[in-house]
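In: Please find the sequence and the predicted model below.
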Amino acid sequence: MVLHHLVIRLSLETTRVLKMGRIVPPETQKKAAEALISGVSEISGIEAEIVEKSSGTSTRSTVSISCPKSDWRGLAEMLKEKHGVDYCSMITGIHWPDGGPDKNWEVIYHFLRMGVVDPPIIDGVVEPIDTDPEELAGLQIPLEIEVSICIPETDEPSLASVQDIWAGADWNEKETWDLVGIDFEGHVGMRRVLQPHETPVGFHPLQKQHKLRYHDFEEMYDDAQGFLRKPADAGKIK
Amino acid sequence: MAEMWISMGPQHPMTHGLWTLKVKVDGETVVDTEPDLGYIHRGVEKICEARDFTQITTYCDRLCYASANTWSHSYIYAVEDLLEVEVPERAEYIRLIAVELQRIASHLMWLGAYGPDIGNLSIMVWCLREREMMMDLLQELGGSRMHYNFPRVGGVKRDLPHGFAQRAKAKLSLFLDRIQEYEALFDESTIFLVRTQGVGYSKPEEMVNHGVSGPNLRAGGVNYDVRRAHPYSVYSELDWEPPVERPSIKGADCYDRYRVRVEEMRVSARMVLEALEKIPRGADTYHEPGDPAIIGKAPSRAPEGTSGYHHFEDSRGESMFYIAGGGEGRGKQPYRVSIRSPMFITIPYASECMIGYKVADIPAIMGSFDPCIGETDR
């Protein structure tokens, strides 16, 4: 190849003068997390704490909230209206068959506060937002928020839907019902999204009574031909 | 004229994978849409419940065939949060190099596929040619062409090979030159401009409410980037800023989403070049696999009651893993793994964006959001 003559052209085209390491300062983020915690603690029964996370050379403060099932809707509205939590990242449902009577099911929400606003229009031209993360203040400071809600022992777990608060929660809720079987009260248009539409009613594969077919079985080594597997399959959902 | 539903997919060039878009049309105009996903649902979340933490990495590679490295790294950061692992700084730099090279390869794959979507066939071959250079570099690191299984809990599989820095610099500077050729090919093509400008408008606040992030959001004139807002790895050590596009007053259109990805390739290429300069002990040092300089000690079990998660900037938006510890084998396996796929959330939004445009605009709008069905269906 003709690589040797290319090595000469190594000058980087840095047209802009950039500042080093422009990130949200950890202290600012911690203060924002404290402000959010003191805000949500007004609702009785809610426990919130700061969780420090570190990765590489950076540390960041995240908020972890545990909320009773009955207060969830009030907390969700408060997060969105008063604390500017604008982005619902993920909803996770967990089945805890051995979790005791109070924690048979758990739903965990992950939110981000992005602080995104539409860029301003000046003289008919959009001015892109190019704020320095060090200068962010108030509800603009990005935060990670985790909310966990326990559901007591029941055969038909359900929780209030937040589809109308965050449109991004819509398909997350559909998926949680489809795979885990936790229903969301007030959700419009609930349906199977990842599994086929003709999946039997009541079949939700991430519930723990459904084992992987060869859970404690080294099929690769113990039974390469698959002879032992045949009888075990009889009558099971494949 | 009477309205009717038509099905685009599961096999259709617009889909970039296997899914169905049901479109309600009134003549040539799209009135309503409904996406139907799940054709390649493999049950990765369930499979992970019967695997060790190290074994899961390979499954995460296969979540997205165009962007394997970003997905396995996304998982690894969540596991390290769960197991509280300290990672050597050199390993973080190597990871950053691997992820950013993968981001370039993924965007090139997108650009290559987007050309034929809207009638420019030659761009596909051009982009795949450059993607090959990135694949070669990634192959040097991970050992295979597409699914690298490169990160390890606590570090990386291998150090940078001998001469990697020189080859990477040569290839990336050649690549930075060739991006200009793409811009010439696209930005001066009337057909391309007519088909992408003024279709598929989306506003930033609306996108955030719908859970859309990443390059699609930055095309709307907002500089939100997970790598900057929730810094992980060594991104805060490097000199970069997320590329932001200036949209029209109606919001970001397909052209803005194309522009922001091209700029992002530039930023990633420069980031790799800078990381090769700044990497501790220099890029030419080689450590054997397993050396403490590139992999830290990590426990193999997570006790019951622990959990970890990590927001990660994937090529297509914000991806994340949530892992609950305390599964089979006294915590050797996770109890629950939950995956957040950016495209699973974005595809319903992109389908809404099409309403009001013509049927012929559907491939242009859908393609501009960069759908990847592997991660969508999991």
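Out: Yep, it's here.

In: switch to C-alpha atoms for all contacts and neighbour counts from now on
Out: Will do.

In: any idea where the helices of chain A begin and end?
Out: For chain A, applying DSSP state H gives helices covering A:26-40, A:72-82, A:169-180, A:219-222, A:229-233.

In: what's the spacing between the first one and its chain's center?
Out: Right, the one you point to is helix A:26-40. On the basis of Cα atoms, centre = their mean, to the nearest Å, helix A:26-40 sits 20 Å off its chain's mean C-alpha point.

In: average pLDDT across it?
Out: For helix A:26-40, the mean pLDDT works out to 86.

In: Just the angle for it relative to helix A:72-82, thanks.
Out: Orientation note: helix A:26-40 sits at an angle of 130 degrees relative to helix A:72-82 (axes from the mean of the first three to the mean of the last three Cα atoms, to 10 degrees).

In: which stretch among the helices of chain A comes nearest chain B?
Out: Among those, helix A:169-180 comes nearest to chain B, with 6.5 Å by Cα to the nearest Cα.

In: Tell me if the closest one is near chain B.
Out: Yes. In terms of Cα under 8 Å from any Cα of the partner chain, part of helix A:169-180 sits within range of chain B, namely A:A169, A:W171, A:N172.

In: can you pull the contacts of residue 195?
Out: Since no chain was named, I'll use chain A. Under the criterion of Cα atoms under 8 Å, 6 or more residues apart in numbering or on different chains, the neighbours of A:Q195 are A:D178, A:L179, B:G38, B:Y39, B:H41.

In: Chain B, not that one
Out: Under the criterion of Cα under 8 Å, 6+ apart, the neighbours of B:R195 are B:I118, B:D361, B:A364.

In: With respect to A:V51, which of those residues is nearest?
Out: When the contacts of B:R195 are compared for distance to A:V51 (Cα to Cα), B:A364 comes out closest, at 42.8 Å.

In: rewinding a little: could you save the residues of helix A:169-180 next to chain B as CSV and add columns showing neighbour count?
Out: Shown next, in CSV, are the residues of helix A:169-180 next to chain B (neighbours: other Cα atoms under 10 Å in any protein chain shown):
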residue, neighbour count
A:A169, 25
A:W171, 23
A:N172, 24
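
In: Just give me the closest of these to B:E241.
Out: The shortest approach to B:E241 among the residues of helix A:169-180 next to chain B belongs to A:A169, at 29.3 Å (Cα to Cα).

In: A:D86 is in contact with that closest one, correct?
Out: No. Using Cα atoms under 8 Å, A:A169 and A:D86 do not qualify as a contacting pair, with a distance of 11.1 Å.

In: Point to the residue nearest the middle of chain B.
Out: Closest to where the C-alpha atoms of chain B average out (Cα atoms, centre = their mean) is B:S315, at 2.1 Å.

In: distance of that one from B:C64?
Out: The spacing between B:S315 and B:C64, counted by Cα to Cα, to the nearest Å, is 10 Å.

In: Also B:P215?
Out: Distance check for B:P215 against B:C64: by Cα to Cα, it reads 17 Å.

In: and the helix or strand hosting B:I347, is it in reach of chain A?
Out: According to DSSP states H and E, B:I347 maps onto helix B:342-353. Yes. With Cα under 8 Å from any Cα as the measure, helix B:342-353 is seen reaching chain A through B:F344, B:I345.

In: tilt between that helix and helix A:169-180?
Out: Computed with the same axes, to 10 degrees, the direction of helix B:342-353 lies at 130 degrees from that of helix A:169-180.

In: List the contacts of the next helix or strand after helix B:342-353.
Out: Moving toward the C-terminus from helix B:342-353, the next helix or strand (DSSP H and E) is helix B:362-368. The set of residues that contact helix B:362-368 without belonging to it, under Cα under 8 Å, 6+ apart, is B:13-16, B:114, B:117-118, B:195-196, B:199-200, B:254, B:257-258, B:347, B:350-351, B:353-354.

In: same question, stretch A:112-127
Out: Contact partners of stretch A:112-127, identified using Cα under 8 Å, 6+ apart, comprise A:84-89, A:128-129, A:139-145, B:203-205, B:208, B:220-222, B:224, B:246-249.

In: Write a PyMOL command that selects only the buried members of those.
Out: This is the PyMOL syntax for the buried subset of those, where burial follows 16 or more other Cα atoms under 10 Å in any protein chain shown:
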select buried, (chain A and resi 84+85+86+87+88+89+128+129+139+140+141+142+143+144+145) or (chain B and resi 203+204+205+208+220+221+222+224+246+247+248+249)
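
In: What about the contacts of stretch A:112-127, which are in strands?
Out: Secondary structure defined by DSSP state E assigns A:Y87, A:C88, A:S89, A:L143, A:E144, A:I145 of these to strands.

In: Could you check stretch B:96-111 against chain A for contacts?
Out: No. Applying Cα under 8 Å from any Cα, one finds stretch B:96-111 separated from chain A by no less than 10.5 Å.

In: how about that stretch: buried residues?
Out: For stretch B:96-111, the neighbour count (16+ other Cα under 10 Å) marks B:96-111 as buried.

In: Next: stretch B:275-282.
Out: Within stretch B:275-282, the residues that qualify as buried are B:A275, B:L276, B:I279, counting by 16+ other Cα under 10 Å.

In: With adjacent residues omitted, what lies nearest to the second one?
Out: In space, and not counting its chain neighbours, B:L276 is closest to B:A283: 5.8 Å by Cα to Cα, 6 or more residues apart in numbering or on different chains.

In: ok, back up a step: highest mean neighbour count out of the helices of chain A?
Out: Across the helices of chain A, the average number of neighbours (mean count of other Cα atoms under 10 Å in any protein chain shown) peaks for helix A:169-180, which reaches a mean of 23.

In: for the residue nearest to the centre of chain B, what are its contacts?
Out: Taking Cα under 8 Å, 6+ apart as the criterion, B:S315 is in contact with B:S67, B:T70, B:R103, B:S106, B:H107, B:G214, B:P215.

In: closest to chain A among those residues?
Out: In terms of Cα to the nearest Cα, no member of those lies closer to chain A than B:G214, at 11.8 Å.

In: For the closest one, give me its contacts.
Out: With contacts defined as Cα under 8 Å, 6+ apart, B:G214 is in contact with B:Y224, B:D225, B:E313, B:D314, B:S315, B:R316, B:G317, B:E318.

In: Appreciated, that's everything.
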